[in-house]
Each structure stands twice: as C-alpha cells, then as structure tokens.
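**Q** prediction below, plus the sequence it came from.
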Amino acid sequence: MISTQLIIYCINPRCNRPINPMGDKLCASCQTPLVHRYLWATGSLSAQIPPGTKVADRYEVISQQIWLDTQPGLPPDVPEELPTEVIPYLRLYQERLHLPQAYGFASNLEGDTTDILLLENVPIDDTGNIYPTIVEAWEQATAVRQVYWLWQILQLWTPLSELGFSRSLLLVDNLRVQGWCVRLLELYQTPADEKLSLQSLGECWQFWVASAKTSVAKGLQNIVQQMCETEIELEAINIQLNNLLLAAAAELPLVLKVAGSTDIGPIMAQNEDACYPNALSDLDEPLLSHLSIVCDGIGGHEGGEVASKLAVQSVKLQIRVLLAEVTEQNVFLPPELLQEQLEASLRVVNNVICARNNEQKRQGKERMATTIVMALQVPQRVQTSTGWQSNNTHELYLANVGDSRAYWITRNYCQRLTVDDDVATREVRLAKSLYRKALLRPDASALTQALGTRDSESLRLKVQRFILEEDGILLLCSDGLSDNNWVEQSWQDYAIPVLTGQLTVEDAVHNWINLANEKNGRDNTSVVLTYCRVSPEYLVPVTPALPEEIIEAEIQEEAEEQEELVSFTESSQTLLDLDLDLDLDLDLSEEPVTSPRLSPTLIKKPNWGKRLVMLGGVLALLVGGTSLGLFAWWQINPQGFQQICRQFPQKVQQLCPPEK
C-alpha cells in the first residue's frame, strides 16, 4: 500500500497515544525517546518496491531497499525454522561492528508469498541516508585512514572466507565507511565454481591505491603488487600492512585525557562496581593515560564488591609490567602477541577470583564474580612514514567479559564496540535464534561469562585492536548506564560538549552518572571516559625562542635529572625480577608494590627482560617547560621544528631529532 502519512509508534507499551510524526525525538504523550530503526531490505525484489510504499502495514520504504520500522516496539516476524540465508549472519555476530545482523522477514506485497530478509545494524545514518562507499570517500580520506580501511577488510577476509562469503569484500557498493569503520551492507555468498584468493582482493584494491596519499602510496602499491603477482601468504601481507598502518598513524599527535567515577545509585545498599581511574587514583601514576577499566561485581556484599576490586588491582599490576616491557622495545610487537598477553592477563584475574571463591567454599550462585571492560593504549615506538621517530603508534586494545560495554563517540556518530556475553547473544552466536526474538526470553540478559565463576580455560575471550586516528571519546560503562540504550539515545547531549571544548572530561563523567541514576537508577553505575585528540590545533601553542642562558641552565638541570633516573632504575631493578606469590588476603585499600609475572609468551621474544624501562631521553626532554614546548611542536611539525633548532646554539641542537 502507498503511505499517505509518515508516522512512528512509541515503544512504551503503556503509552496512551503512541502515534507520532516521523522525525520527532520524543513521544508527545509520554516523552519516551522515539526509535527510528532503519533496515536494509535484501534481494532484487525489494529493490523494485518504490519509496512511499508501506509494507506489511509496518515498514515504510524510505528509498531503494532502505526501510523504516514504524513499530519498533513490536517483534519482527521470524519463522520457526530459520532459513539457511540467515545462518551466516548469526555465526558472524561477533563481527557486528562491521557486519549487519538479521532482523526479521516481511512479505513483499499483498498476494506475494516471497519473504524479504531485513537486516539491522546496517551502514545507514540516523536520518535514513546510506553511508558512502570506500571509493566515494577514498580521495578525501587521510593517509592513515586509507590504510586502516584496507587493514580492516583484511581482518574480515578469514572469517568470511571460512563461511564462503568472501565475495562480500570484493563488491564496491557493498563496502561502506562510517568514519574510520568499514561496514558491509549485506553478505554475498561466493559461487561454488568461483575460487577467490588474496589475488582477487589485491585486484580489487589496485584501483584504489593508485590514488592513495603520497606518504603511503608506495607501500600500498608494493603490497598490492605482491597480492596480485605472487602466492604470498595472508600473514605476510598482514604484517606489511600493519607496519605501514602504524607508521602512518604515528605521524599524528596524540593527547589522551582520562577520567572515571563509580556511584552506588539511588537504590542499592552497596556499590559492587569498581573502575580505574577514579577519584582516588594517583593522578601521577604511569598507567593513567593508557589504561581504563570498568568492573561490575556479582555476588552481593563481600562478594561482588570484592571481585570487582580484585579484578581492577590485578589488571593494573600486570599492565604496569606489560607497558614497561613494550616501551623498551625497538621493534614492532605484533597485535597477535599483545592480544595474547591481554587474554592471559584476564585469565590470571579469573583464577585469582576463583581461588578466593574456593578458599571461602562458595558454591553456585554464592560464588563472587565480575564483568570487565578494559582498554589499553599501547605506546610503541616507530619510525613514521616520513622518517622521524615517534613514541606512539596509536594502538588501542579493548577486551570485555560480561555485559559492561565500550563505545566510540565522535561529533557525528556513536559506535558500540563490544558484544555482550549474555543468553540472547549466545542464542544468536549458536545460530538458534535471531537477536530480536532472543531478547523476548525471560533470561535474555543473564550472563553467560564473568570472571571468577569457572576455570579460566572455559573463558571465551576476544581482544580487539583499534587505531586512534580521529578525535573522539572512548566510553566504558557498566550496565547501570547502558541498560535501555541510554548511551545510544543520549550521546550527543553528553559527548559533543566535551569534543567542542565546552565541558571537561571530569564533568562529563558525572553527567553520564546522573543520567544513569535518573533514567535507570536501580543499579550501581561506573563510567570511564578517555578523550582522544589527534588534531594539532588543540595542542598548547609553542613559543620556540628563549634566551641562551635559560636554555643552557635547563640542559644542565636535565642532565642532573638523568643521573637521578639512572640511579632510580638500578635500585628498582629487583621489583620486576621477583616472582609474586599473589596473596589472596590482599589489602585492597593499599596499592600493591610488586607485580605478578605475565604469560611466558613475552619471554619467547628477544630482548624481553623483567626490568623497569629507562625512558631517560624522553623524560629528560619533558622535564623543563622549554622541552615540553619543543616536544609538542616536534609532534605537530617536525620540519618546522628543525628550522627552529638551527637557530639555537650547539647545546640546544641536542634536543632536536636528526634531520631527515
């Protein structure tokens, strides 16, 4: 039927007047946020349905194959026996950041028995417009973003190939980009008589890299040539592309501002959440700008609150050692190694909590446990694509167990980065149910994984790697905030003021918690925000010219600081050489002074020692005000920095990087 009035129904089942004009943000009757859920209608039949048509008295055809569910509070139609075409979407649910999910089915038109598969989580914005293809956005993209897009496609190649859907990555119109993120419209099965390989992918890429940015063009062309002309392995291409990606990302400056807090809420008797950092954190400790954690404890008083604090403290101990090891390396540590190490760290945390449960003879539901979502920004050193030395490759690693979540928010969009470990997700991942139907189960939100409930070998872990290449906010939170989709509904009001400099990160944390207490209120809430800036214009202006006598005095002071640092490093050597017998009676009110050994994985790599890294040169450079200014300028404009250095006396030249 042809629609004559564009309407949207309120999702509140108790609303007396649920019908609202499409486009309104709130229900006029009950003030519930209205959900505008845009779907992608698959198949050639759906492409023939003209805009303005209303299908199944529910779906409004906005444009070709883009439909709006005008009654998003109702479950979509799903057959009892799932059609084979939806199974790949369910199996690949863990890749929901890049892939759409099966939503339901709709009859084509009256009298037509053909059902059309509808997909949600598709690359369509809040107004119903589809995101651009990679080809459309390619020339306007930065060098690092061009490489980042290709790297993401390469990571999807294996999981899609294993299910026979690698053809989905070769169709230009199917590959859409939402900022940094590559997203697919739908899955296309590879014909049985068609054998696709890396050569096929390389042939697809060669037309794009011909117009790549100058700083990465040669590297990309070399990689694509190998893919097209040789029998090169995927791992070899992955290594080369990753090296190019990190060298390109390191060209950008990176400023991180982290703040966090946890709140008991208006109803709960005790706070079982824990987070890092929080108001009690040491603001000078080296972890502060690199690590963020949110844990939501399970098990009640003397249970959940203990488990969450144990998890935070144990992770901090291990990450201190890991960052010290990473910082002293002169070669790239591959993502796989760092991902394995973070997985090992979570298994250690799991076993610490399990041991406490066993010690106290806790059984069944009495066992304490905790969710966790953690983010680690790893500052590897690298020579950039233009030849200067950078101290940060902009890598961000993200891990979660349970239903605490992570979101990436910019001025233009909010992206959920994690997948919950709950019953609804399990049913989808095992291809037993579509997600919207699984949500109707009474146990849909029950956790299937948490730290401390079972032996660590039973944990199913996934650590994701991202590159920080745009201004944005990383939001970690417990379900006290994320329940009922309040992040997705409210992010613009709470994040954009931070991104535009109108609100501090600390104030934004408290605003998010106040929102959670007002709208959800029945739980504890923890929020940790990391404001990531890569825009040079936001850095503090630099005044390069200083009197020579001041500069010489600062150089002398820095030399003295260097000697003190060497002495401190030698006296601290034994702290990281000790094996730690982790005491389960740990006093959580005090910061532990020793660190547990990490996975043997690190020992396999050459030059991995158990000692504090001596960042003498960098720390000395950052001691004085002049040095801080020079360092900031060097990050923004290395060529201009060299010109200023040539104006200074010989001693000042010691602060300058070698000319390229």
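**A** Thanks, I have it.
**Q** where does this protein dip in pLDDT?
**A** Where the chain drops to pLDDT under 70, the residues are 1-5, 108-113, 284, 301, 537-660.
**Q** what about 80?
**A** 1-5, 108-114, 279-284, 300-302, 330, 536-660 (pLDDT under 80).
**Q** can you pull up the most central residue in it?
**A** Leu417 (4.9 Å; C-alpha atoms, centre = their mean).
**Q** thinking that one is in contact with Gln464, fair?
**A** Yes. Between Leu417 and Gln464 there is a contact under C-beta atoms under 8 Å: 6.9 Å. Heads up, the C-betas are built off the backbone N, CA and C, glycines and all.
**Q** for Val86, give me its contacts.
**A** 102, 117, 434 (C-beta atoms under 8 Å, 6 or more residues apart in numbering).
**Q** over to the residue nearest to the centre of the chain: give its phi and psi.
**A** When quoted as degrees, to the nearest 10, the phi and psi of Leu417 stand at phi -100, psi -20.
**Q** that one - nearest residue in space that isn't next to it in sequence?
**A** In space, and not counting its chain neighbours, Leu417 is closest to Ala406: 4.4 Å by C-beta to C-beta, 6 or more residues apart in numbering.
**Q** give me the three-state assignment for that neighbour.
**A** strand (DSSP: H, G, I helix; E, B strand; the rest coil).
**Q** show me what contacts it?
**A** Residues counted as contacts of Ala406 (C-beta under 8 Å, 6+ apart) are 373, 375, 398, 400, 416-418, 474-476.
**Q** what ranges do the strands span in the stretch 101-250 of the chain?
**A** Assigned by DSSP state E, counting those that start in this stretch, the strands in the stretch 101-250 of the chain fall at 101-107, 115-120, 175-178, 181-184.
**Q** name the strands paired with the last one and say parallel or antiparallel.
**A** If you go by DSSP bridges, strand 181-184 pairs up with strand 175-178 (antiparallel).
**Q** name the surrounding residues that touch the partner strand.
**A** Residues outside strand 175-178 that contact it (C-beta under 8 Å, 6+ apart) are 123, 130-134, 137, 149, 153, 169, 182-185, 413, 415.
**Q** repeat that with 10 Å
**A** For strand 175-178, the external contacting residues (C-beta atoms under 10 Å, 6 or more residues apart in numbering) are 97-98, 122-125, 130-138, 141, 145, 148-149, 152-153, 168-169, 182-185, 204, 410, 412-413, 415.
**Q** how far off centre is stretch 365-377?
**A** 17 Å (C-alpha atoms, centre = their mean, to the nearest Å).
**Q** buried ones in it?
**A** Residues 367-377 are the ones in stretch 365-377 that count as buried (16 or more other C-beta atoms under 10 Å).
**Q** so which of those residues comes closest to Leu163?
**A** Ranked by distance to Leu163 (C-beta to C-beta), those are led by Val373 at 27.8 Å.
**Q** report the beta-bridge partner residues of the closest one.
**A** Beta-bridge partners, per DSSP bridges, of Val373: Val294, Asn400.
**Q** quick one, what contacts it?
**A** Applying C-beta under 10 Å, 6+ apart, the residues near Val373 are 275, 292-296, 398-406, 417-418, 475-478, 526, 528.
**Q** and it, how far from Thr230?
**A** From Val373 over to Thr230 the distance is 41 Å, taken as C-beta to C-beta, to the nearest Å.
**Q** Glu340: neighbouring residues, count only.
**A** 16 (other C-beta atoms under 10 Å).
**Q** right, and it touches Arg465 too?
**A** No. Applying C-beta atoms under 10 Å, one finds Glu340 not in contact with Arg465, separated by 11.9 Å.
**Q** buried residues, the helix or strand hosting Gln341. List them.
**A** Per DSSP states H and E, Gln341 falls inside helix 335-359. Buried positions in helix 335-359, judged by neighbour count with 16+ other C-beta under 10 Å: 335, 337-354, 356-357.
**Q** what's that helix packed up against?
**A** In this structure, helix 335-359 packs against helix 234-249, helix 304-327, strand 369-378, strand 395-401, strand 463-467, with contacts taken as 3 or more C-beta pairs under 10 Å, 6 or more residues apart in numbering; DSSP states H and E.
**Q** tell me the contacts of the closest residue to Ile8 other than its chain neighbours?
**A** Take Ile8 and drop its neighbours on the chain: the residue closest to it by C-beta to C-beta, 6+ apart is Met22, 4.7 Å away. With contacts defined as C-beta under 10 Å, 6+ apart, Met22 is in contact with 3, 5-8, 34, 36, 60, 62, 68, 70, 128.
**Q** for stretch 78-87, measure first residue to last.
**A** Stretch 78-87 has its terminal residues 13 Å apart, counting by C-alpha to C-alpha, to the nearest Å.
**Q** swap that for stretch 66-77, sorry
**A** 18 Å.
**Q** how about stretch 372-387?
**A** Using C-alpha to C-alpha, first and last residues of stretch 372-387 are 39 Å apart.
**Q** chain center to it, what's the gap?
**A** With C-alpha atoms, centre = their mean, you get 14 Å for stretch 372-387.
**Q** gap between Cys15 and Val147?
**A** 48 Å.
**Q** okay, these two: which has more neighbours?
**A** Ranked by neighbour count (other C-beta under 10 Å), Cys15 and Val147 place Val147 first, with 31 against 18.
**Q** excluding its backbone neighbours, what's nearest Arg347?
**A** That would be Ser456: by C-beta to C-beta, 6+ apart, it lies 3.7 Å from Arg347.
**Q** what do you get for Ser63?
**A** Nearest residue to Ser63, sequence neighbours excluded (C-beta to C-beta, 6+ apart): Pro51, at 5.3 Å.
**Q** need the contact list for that neighbour.
**A** When contacts are counted by C-beta under 10 Å, 6+ apart, Pro51 touches 3, 60-64, 66-67.
**Q** can you name the helix or strand that it falls in?
**A** Using DSSP H and E, Pro51 sits in no helix or strand.
**Q** would you confirm that Val135 contacts Phe207?
**A** Yes. Using C-beta under 10 Å, Val135 makes contact with Phe207 at a distance of 8.1 Å.
**Q** which stretches of the stretch 401-550 of the chain form helices?
**A** Secondary structure of the stretch 401-550 of the chain (DSSP state H, counting those that start in this stretch): helices at 423-429, 435-438, 479-482, 486-499, 505-519, 548-571.
**Q** great, nothing more from me.
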